[in-house]
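Asks: Pasted the sequence and its predicted model underneath.
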Amino acid sequence: MKQVQISEHLTISNIVHGMWRLTEWGFTQDQLINFVEQCLELGIDTFDHADIYGDYMVEEAFGNALGTVPDLNKRLKIITKCGIKLLSENRPDHYIKHYDTSYEHIVWSVDNSLKKLKRDNIDILLIHRPDPFSDPNEIARAFSELKESGKVSEFGVSNYLPGQFDNLQAHLDFPLVTNQVEISVAALQEFDNGTIDLCQEVGIPPMAWSPLSGGSIFNGETHRFLTIRNVLHKISDEYGVTIDQIMYAWLLKHPANIIPLVGSGKIERVKAAVTSLDIDLTRQQWFELWVASKGENVP
């Protein structure tokens, strides 16, 4: 699998594995280690986390397993996110869900994530969601100090609109390296709101969370989902593959160099995603799915 150049000093795999549901997979530590090893064999060396995943427990579960094999842990590239504060028994001082992108919280979150992940460095840190109470000067101060200390190599954002991205970037002395947003054949808003355009303008690859539209494509019964699914089946039959592979291939075809996040704990599903790298849709097939999702022909 090819590596995507994120910055001058960092590359990540063209497909990233998302660990959001790790605590739901029922893995033992040995099973998790084996799963990660199989991902590496497939060429996936980059794993996506967030402090809040699994009710604040995923990073720790991952670190407890990978910390037992430090040589393996060192081979991984780690993305994690901060800035959301959930209502949780593990955070009893939170009485309302809110955001916190203060200097103090970002620095504390990184130290906490490093401790849980049993690592000395995070490859990419993302602000998880735009914070209406954010001070970009504080975020920039935290990012700069974390970069200088070596605790974080690169920085990005998640779910940011172009203006929000530009606002933060204007306060930094180094470039943001990605915007992780929802993109799939059923989620086209990032094409319409300028996010994909901005990523291409500044030369960064967007990361696509929920590239299979959260599974809704497979069982949704609305006219829109039925239409998209019919086109997916038509194209998948032409290639002799499954519709989820076509959904990945649709993202990978785009010249913005979109990086899909695979979120399954089943290695066969991960293998299917990797195989989609070999599917080269035609431009007309790409637009078949665009038109099916939009519900109308292009102008």
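Replies: Perfect, thanks for sending it. Since the model is a prediction, treat every value here as computed from it, not as a measurement. Residues are numbered from 1 along each chain as shown.
Asks: so where's the longest helix in this structure?
Replies: helix 223-239 (DSSP state H).
Asks: Let me see the residues that make contact with the helix or strand following that one.
Replies: Using DSSP states H and E, the next helix or strand after helix 223-239 towards the C-terminus is helix 243-253. Identification of contacts with helix 243-253 by Cβ atoms under 8 Å, 6 or more residues apart in numbering yields 14-15, 183-185, 208, 211-213, 217-218, 229, 232-233, 235-236, 239, 258, 260, 269, 272-273, 275-277, 279-281, 286, 289. C-beta here means a position set from N, CA and C on the backbone, and glycine is covered the same way.
Asks: can you rerun that using 7 Å?
Replies: Residues outside helix 243-253 that contact it (Cβ atoms under 7 Å, 6 or more residues apart in numbering): 183-185, 208, 211-212, 217, 229, 232-233, 235-236, 258, 260, 272-273, 275-277, 279, 281, 286, 289.
Asks: Please compute how far that helix lies from its chain's middle.
Replies: Relative to its chain's centre, helix 243-253 lies at 16 Å (Cα atoms, centre = their mean, to the nearest Å).
Asks: on that earlier part again, and the longest helix of the chain, what's its mean pLDDT?
Replies: Averaging pLDDT along helix 223-239 gives 97.
Asks: now stretch 273-280
Replies: Throughout stretch 273-280, pLDDT has a mean value of 97.
Asks: For the chain, which helix or strand comes out least confident on mean pLDDT?
Replies: Least confident helix or strand of the chain, by mean pLDDT, DSSP states H and E, is helix 216-219 with a mean of 90.
Asks: Kindly format the C-alpha coordinates of it as CSV.
Replies: Taking Å, rounded to 0.1, in the frame of the first residue of the first chain, the C-alpha atoms of helix 216-219 are listed here in CSV:
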residue,chain,number,x,y,z
SER,A,216,-27.0,3.1,6.4
ILE,A,217,-26.4,2.3,2.7
PHE,A,218,-26.7,-1.4,3.4
ASN,A,219,-30.2,-1.3,5.0
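Asks: which stretches of the chain form helices?
Replies: Using DSSP H, helices in the chain cover 29-42, 53-56, 58-66, 70-74, 103-117, 136-149, 162-169, 189-192, 195-202, 216-219, 223-239, 243-253, 267-275, 283-294.
Asks: what would the ones you listed look like in a markdown table with mean neighbour count and distance to Lys2?
Replies: Formatted as a markdown table, the helices of the chain follow (neighbours: other Cβ atoms under 10 Å; distance: least, Cβ to Cβ, whole Å):
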| stretch | mean neighbour count | distance to Lys2 |
| --- | --- | --- |
| helix 29-42 | 16 | 13 |
| helix 53-56 | 18 | 27 |
| helix 58-66 | 22 | 24 |
| helix 70-74 | 12 | 21 |
| helix 103-117 | 18 | 26 |
| helix 136-149 | 17 | 26 |
| helix 162-169 | 17 | 26 |
| helix 189-192 | 15 | 23 |
| helix 195-202 | 18 | 18 |
| helix 216-219 | 15 | 26 |
| helix 223-239 | 16 | 20 |
| helix 243-253 | 23 | 11 |
| helix 267-275 | 16 | 11 |
| helix 283-294 | 16 | 20 |
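Asks: Wait, Ala65 touches Leu32, no?
Replies: Yes: counting by Cβ atoms under 7 Å, Leu32 is a contact partner of Ala65 at 4.3 Å.
Asks: I'd like to know how far the spatially closest residue to Ile6 that is not a sequence neighbour sits from Ser264.
Replies: Among residues not flanking Ile6 along the chain, Val177 sits closest, at 4.9 Å (Cβ to Cβ, 6 or more residues apart in numbering). With the distance defined as Cβ to Cβ, to the nearest Å, Val177 ends up 25 Å from Ser264.
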